[in-house]
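Student: Starting from these lines, generate the structure:
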Amino acid sequence: MSVNFFDTDCKEVSRTDEQFGICDDQNGSSAYTDISDSKKWIAVVKNDNEIEISFTAIDNCINIFKEGTNDKESSCDGMLTFVQSIYLVELKEKGKGGWISDAKGQLENTIKLISKHHDLSSFRYKKAFACNRKHPSFTVIDTAERKSFFERTNGFRIDVQAEILVK
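Tutor: Numbers count the residues shown, from 1 in each chain. Sure thing, here's the model as predicted:
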């Protein structure tokens, strides 16, 4: 069964705000963008050039099942698409360890699923963001792990921070 990640009801109307947040209420609903209540933001998108950006909720919106089962695939919360860019976003609100590896696993699986159903070669910039409101600052990932993630995901770069810069 083919899944379309780009032409779906889970895709919000494009926005050009200089700054907006990505929220996940952690109640089984899908992630969404917001400009009015920064207390709810888990990730902050900075869009200084006011580029037209689309956000598509993935987890709890695009249902993908493991082959031959009724078990849902693990996926990240959403994706931002603009110009020649695709940014996948996993949102966390965990205090202590383990959240980075969980987020990377969800991002990696989502990349595998999207790549199975779409040709991503038209995207020049491919990034995966693990965002945590409780750890918003940039977290260093060693060069070997960055390279390994890049190779495993056909060219996605990994970032661990809650601020997403759109260029």
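
Student: CA only for contacts and neighbour counts going forward, please
Tutor: Fine.

Student: Find the residue at the geometric middle of the chain.
Tutor: Closest to where the C-alpha atoms of the chain average out (C-alpha atoms, centre = their mean) is Val89, at 1.7 Å.

Student: Phi and psi next, for that one.
Tutor: When quoted as degrees, to the nearest 10, the phi and psi of Val89 stand at phi -130, psi 130.

Student: Next: the one 3 residues further on.
Tutor: Dihedral angles phi and psi of Lys92 (degrees, to the nearest 10) take the values phi -130, psi 160.

Student: so who does the closest residue in space to it that isn't next to it in sequence touch?
Tutor: The shortest distance from Lys92 to any residue other than its chain neighbours is 4.6 Å, reached at Asn132 (C-alpha to C-alpha, 6 or more residues apart in numbering). Residues counted as contacts of Asn132 (C-alpha atoms under 8 Å, 6 or more residues apart in numbering) are Ile42, Ala43, Leu91, Lys92, Glu93, Lys94, Gln161, Ala162.

Student: what about the last one, how many residues close to it?
Tutor: Neighbouring residues of Ala162 were enumerated by other C-alpha atoms under 10 Å; the total is 28.

Student: re the thing from before, now the contacts of Asn132 in JSON lines, with distance to Asn49?
Tutor: As requested, the contacts of Asn132 are arranged in JSON lines below (distance: C-alpha to C-alpha, whole Å):
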{"residue": "Ile42", "distance to Asn49": "22"}
{"residue": "Ala43", "distance to Asn49": "18"}
{"residue": "Leu91", "distance to Asn49": "24"}
{"residue": "Lys92", "distance to Asn49": "27"}
{"residue": "Glu93", "distance to Asn49": "29"}
{"residue": "Lys94", "distance to Asn49": "32"}
{"residue": "Gln161", "distance to Asn49": "21"}
{"residue": "Ala162", "distance to Asn49": "19"}
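
Student: Three-state assignment for the nearest residue to Glu163 once chain neighbours are set aside, please.
Tutor: Once flanking residues are discounted, Glu163 sits nearest to Val44: 4.9 Å by C-alpha to C-alpha, 6+ apart. Look at Val44: counting by DSSP: H, G, I helix; E, B strand; the rest coil, its state is strand.

Student: Angles on the backbone of the residue nearest to Lys92, please.
Tutor: Listed backbone geometry of Asn132 is phi -140, psi 120, with angles given as degrees, to the nearest 10.

Student: I'd say Lys126 and Thr153 touch.
Tutor: No: under the criterion of C-alpha atoms under 8 Å, Lys126 lies out of contact with Thr153, with a separation of 9.7 Å.
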